[in-house]
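*Asks:* Pasted the sequence and its predicted model underneath.
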Amino acid sequence: MSRNQSLFERAQRHIPGGVNSPVRAFRSVGGAPRFFAKGEGAHFIDADGKRYLDYVGSWGPLILGHAHPEVITAVQAAAADGLSFGAPIEAEIELAELLCRLVPSLDMVRLVSSGTEATMSAIRLARGHTGRDLLVKFEGCYHGHSDSLLVKAGSGLLTFGDLAQGSPSSGGVPADIAKHTLVLPYNDAAALAEAFARQGDRIAALIVEPVAGNMNLIAPKPEFLATARELTAKHGAVLIFDEVMTGFRVGLQSAQGLFGITPDLSTFGKVIGGGMPLAAFGGRRDIMEKIAPLGPVYQAGTLSGNPVAVAAGLATLKLVQAPGFYKHLTARARQLCDGLSAAAQKQGVAFCAQNIGGMFGLYFTATLPHNFTEVTRADTAAFGRFFHALLETGHYFAPSAFEAGFVSAAHTEADIASTIAAAEAYFQSAGH
Ligand SMILES: Cc1ncc(COP(=O)(O)O)c(C=O)c1O
């Protein structure tokens, strides 16, 4: 038995499903998850000593690759001075200042420890600010696992959950809470207009992934985000861009900079913590001043603004500001998508791919999907076979057809070329 297999068996005795986050379990593709021992740049090495080129990057944070020396040095230096104070530190001011300088919609930010906390807090704040309850979200978007947001959600919920119309996609979410969440189709400006025409005066907030990355990757149609901005402004609702995944992943000003839309509140996570547990929510000063201790909306955290996490975030955000960083990252992701698409086409496989900045989507369909309904028509069995064939040759993609993938600055042109060659060999041998 491989060491991965025996670790998985051992893990299942005391950890539900053997994992601490469901999609890690390989349930939708089958087989035993790999347990990892070490990461180096674009690669990581599992418990059996096998090396993989990593296209998951810890689900987004590792934009510089694994164990970047400058990030590790910053973390070690911070750790040596103490792991947590539960009191303010100078570095959190630096991180808040940096985020506000890089993303113009941010007047103020508050640091938290996970994307879930960031979105949950932003929604509470929007409700406190408007005095309204209703939340608009989109089918297949995932915003973390707080109750209000587990309605028609993406990511693991899309892989495992019950997606009956109007019902919570997780057990344990009271219908009384889910009823305050209105779910609309992604990229449908007409449905948005209708919802606001009917209930605009009840809507506290609209939360959206400006590029959806939890139902594979779905690019926003320009009129979709513009309509969301226009209608929320008109009806006095708070527009929340959930940039936990897209933040500093699609560009230095995040998705809002790329698409030229200014949300009222934004959430960040993943890249801003450089691999440590750190996230943030922020935005308009008049809204942010409603948070305790300035205002009536309560939000707090024992480890918020943790010094070691802040050090990792600052080191990461320093490096992504290097000239040409996003141009290079985008070129690598584009090389991967174009190469895989060409290889599939040559072998007659119904497949397409696209990237936005350093995130990408792979689809076993003939055309790019624009929403949840279209993405769920993809051939998930074909994805599973592709996933295992590439895993075997040392290429680690997300173990689900409904997740975006990521490249890092450590991925080289040669890394991508070898991935394309491995995929082409597979497509050929699979006899498509
Ligand atoms: C867009 C988005 N929002 C929120 C979250 C939740 O973040 P976390 O897993 O850090 O709680 C995720 C996680 O994947 C995400 O992709």
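*Replies:* Done, it's in. Numbers count the residues shown, from 1 in each chain.

*Asks:* Give me the phi and psi for whichever residue of the stretch 151-300 of the chain sits closest to the ligand.
*Replies:* Per C-beta to the nearest ligand atom, Val244 is where the stretch 151-300 of the chain lies closest to the ligand, at 3.4 Å. The C-beta positions use only the backbone N, C-alpha and C, and glycine is treated the same way. Backbone geometry at Val244, expressed as degrees, to the nearest 10, gives phi -60, psi -40.

*Asks:* OK, contacts around it?
*Replies:* Residues in contact with Val244 (C-beta atoms under 8 Å, 6 or more residues apart in numbering) are 60, 115, 118-119, 143-144, 267-270, 279.

*Asks:* try 7 Å this time
*Replies:* Contacts for Val244 (C-beta atoms under 7 Å, 6 or more residues apart in numbering) come out as 115, 118, 267-270, 279.

*Asks:* Please tell me how far it sits from Gly295.
*Replies:* Counting by C-beta to C-beta, to the nearest Å, the gap from Val244 to Gly295 is 24 Å.

*Asks:* cool, and Pro168?
*Replies:* Taken as C-beta to C-beta, the span from Pro168 to Gly295 is 30 Å.

*Asks:* neighbour-wise, which of these two wins?
*Replies:* Neighbour totals were compared for Pro168 and Gly295, and Pro168 leads with 24 against 14 (other C-beta atoms under 10 Å).

*Asks:* so what's that one scoring on pLDDT?
*Replies:* pLDDT for Pro168: 79.

*Asks:* was I right about it contacting Ala178?
*Replies:* Yes: checked against C-beta atoms under 7 Å, the pair Pro168 and Ala178 is within contact range at 4.4 Å.

*Asks:* Overlap of the contact sets of the two?
*Replies:* In contact with both Pro168 and Ala178: Val151, using C-beta under 7 Å, 6+ apart.

*Asks:* mind giving me the domain split of the protein?
*Replies:* 3-63+323-429, 69-319 (automatic domain parsing).

*Asks:* hang on, the earlier thing: pLDDT for the contacts of Val244 - can I get that in CSV?
*Replies:* Formatted as CSV, the contacts of Val244 follow (pLDDT from 0 to 100):
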residue, pLDDT
Gly115, 98
Ala118, 98
Thr267, 99
Phe268, 99
Gly269, 98
Lys270, 98
Ala279, 98
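
*Asks:* Kindly identify which of these also come near the ligand.
*Replies:* 115, 269, 279 (C-beta under 6 Å from any ligand atom).

*Asks:* which residues sit in contact with the last one?
*Replies:* In this structure, Ala279 makes contact with 112-115, 117-118, 244, 267-269, 272-273, judged by C-beta under 7 Å, 6+ apart.

*Asks:* Count the residues that sit near the spatially closest residue to it that is not a sequence neighbour.
*Replies:* Nearest residue to Ala279, sequence neighbours excluded (C-beta to C-beta, 6 or more residues apart in numbering): Gly269, at 3.5 Å. Taking other C-beta under 10 Å as the criterion, the count of residues near Gly269 is 28.

*Asks:* I'd guessed Gly269 sits against Gly115; true?
*Replies:* Yes: in this structure, Gly269 is within contact of Gly115 by C-beta under 7 Å, at 3.4 Å.

*Asks:* Give me the pLDDT value at Thr130.
*Replies:* 98.

*Asks:* tally of neighbours for it?
*Replies:* 19.

*Asks:* How about the contacts made by it?
*Replies:* Per C-beta under 7 Å, 6+ apart, neighbours of Thr130: 204, 236-238.

*Asks:* Now the buried members of the residues you listed.
*Replies:* Neighbour-count burial (16 or more other C-beta atoms under 10 Å) is assigned, among those, to 204, 237-238.

*Asks:* Which of those residues sits closest to Ala74?
*Replies:* Distance ranking of these against Ala74, using C-beta to C-beta, places Val238 first at 34.2 Å.

*Asks:* and the closest one, what are its bridge partners?
*Replies:* Ala205 (DSSP bridges).

*Asks:* Skipping adjacent residues, who's closest to Leu135 in space?
*Replies:* Leu135's closest residue in space is Thr181 (C-beta to C-beta, 6+ apart), at 5.0 Å.

*Asks:* how close does that neighbour sit to Pro210?
*Replies:* 19 Å.

*Asks:* same check, this time on Phe85
*Replies:* Taken as C-beta to C-beta, the span from Phe85 to Pro210 is 34 Å.

*Asks:* Can you pull the residues of the stretch 51-200 of the chain lying near the ligand?
*Replies:* So the stretch 51-200 of the chain meets the ligand at 59, 114-116, 119, 142-144, 155 (C-beta under 6 Å from any ligand atom).

*Asks:* Looking at those residues, which are in helices?
*Replies:* Among these, the ones falling in helices (DSSP state H) are 115-116, 119.

*Asks:* quick one, what contacts Ala255?
*Replies:* Ala255 sits next to 210-211, 241, 243, 246 when contact means C-beta under 7 Å, 6+ apart.

*Asks:* So which of those residues belong to strands?
*Replies:* Counting by DSSP state E, the contacts of Ala255 place 241, 243 in strands.

*Asks:* Neighbour count and pLDDT for the contacts of Ala255 - can I get that in a markdown table?
*Replies:* Formatted as a markdown table, the contacts of Ala255 follow (neighbours: other C-beta atoms under 10 Å; pLDDT from 0 to 100):
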| residue | neighbour count | pLDDT |
| --- | --- | --- |
| Pro210 | 26 | 98 |
| Val211 | 24 | 98 |
| Phe241 | 31 | 98 |
| Glu243 | 30 | 98 |
| Thr246 | 30 | 98 |
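
*Asks:* Name the nearest of the contacts of Ala255 relative to His328.
*Replies:* Set against His328, the nearest of the contacts of Ala255 by C-beta to C-beta is Thr246 (18.0 Å).

*Asks:* what's the burial count for Arg285?
*Replies:* What Arg285 shows, counting by other C-beta under 10 Å, is a neighbour count of 10.

*Asks:* List the contacts of the closest residue in space to it that isn't next to it in sequence.
*Replies:* Distances taken as C-beta to C-beta, 6+ apart put Asp107 closest to Arg285, at 3.9 Å, once the chain neighbours are dropped. Asp107 sits next to 100, 283-285, 288 when contact means C-beta under 7 Å, 6+ apart.

*Asks:* Among those, which lie within helices?
*Replies:* Short answer: the contacts of Asp107 in helices (DSSP H) are 100, 285, 288.

*Asks:* Near the ligand, which residues of the stretch 301-432 of the chain? Just list them.
*Replies:* So the stretch 301-432 of the chain never meets the ligand (C-beta under 6 Å from any ligand atom).

*Asks:* Tell me which stretches of the stretch 301-432 of the chain form helices.
*Replies:* For the stretch 301-432 of the chain, the helices defined by DSSP state H, counting those that start in this stretch occupy 307-319, 325-346, 372-375, 380-392, 413-429.
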